[in-house]
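1. Quick one: sequence plus predicted model below, questions after.
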Amino acid sequence: LDGFIARRFPSQSSKLGSILDPLADKCLISVLYISLTIVNLIPLPLTFLIISRDLMLVGGSFYLRYVTLPPPRTWRRYWDVERSGLQITPNLLGKANTALQLMLVGITMLSPLLDCIDQQLLKLLWFTVGTTTIASGMSYCVQLKGFQIIKKRHLK
């Protein structure tokens, strides 16, 4: 909803918001998956995979920000969102992955009420979410120009 408002009303968007929104989404998904794993509704390996991917994306973004920041690289300039020429936008696979992750959370939360915790649908969704999580993480590493900048810099 917040992303929709920012796109619909450009005066309501900001660089800081474009950074905080994806971080908030990742925190929300992490808390939901950890909570559902604690009560044994989602398998630990799936939660570990999702959180690992998100940490990799956030860590990669921080590193990418650092390597693309022109000298002098200072703490103040690093955190100055107005100076950032770096923009990482979600791709279609990443958006589909987030939708599937949230769908799995919803179905998982309903499953005890419907008495269907071990249904094949949940297992299929676990596999699908795991697969799209891996694929979207790899696609960000391979396709984003920023990650290509990192690869080129290390090849020199």
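-> Cool, the structure landed.
2. show me the contacts for the spatially most central residue of the chain.
-> Taking Cα atoms, centre = their mean as the criterion, residue 54 is the residue nearest the geometric centre of the chain, at 4.7 Å. The neighbourhood of residue 54, defined by Cβ atoms under 8 Å, 6 or more residues apart in numbering, consists of 26, 29-30. Where you see a C-beta, it was placed from the backbone N, CA and C, and this is true even at glycine.
3. Now the buried members of those residues.
-> Among these, those classed as buried by neighbour count (16 or more other Cβ atoms under 10 Å) are 26, 29.
4. Serialize the contacts of residue 54 to CSV and add fields for pLDDT, secondary structure and distance to residue 81.
-> Rendered in CSV, the data for the contacts of residue 54 read as follows (pLDDT from 0 to 100; DSSP: H, G, I helix; E, B strand; the rest coil; distance: Cβ to Cβ, whole Å):
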residue, pLDDT, secondary structure, distance to residue 81
26, 90, helix, 18
29, 95, helix, 23
30, 96, helix, 23
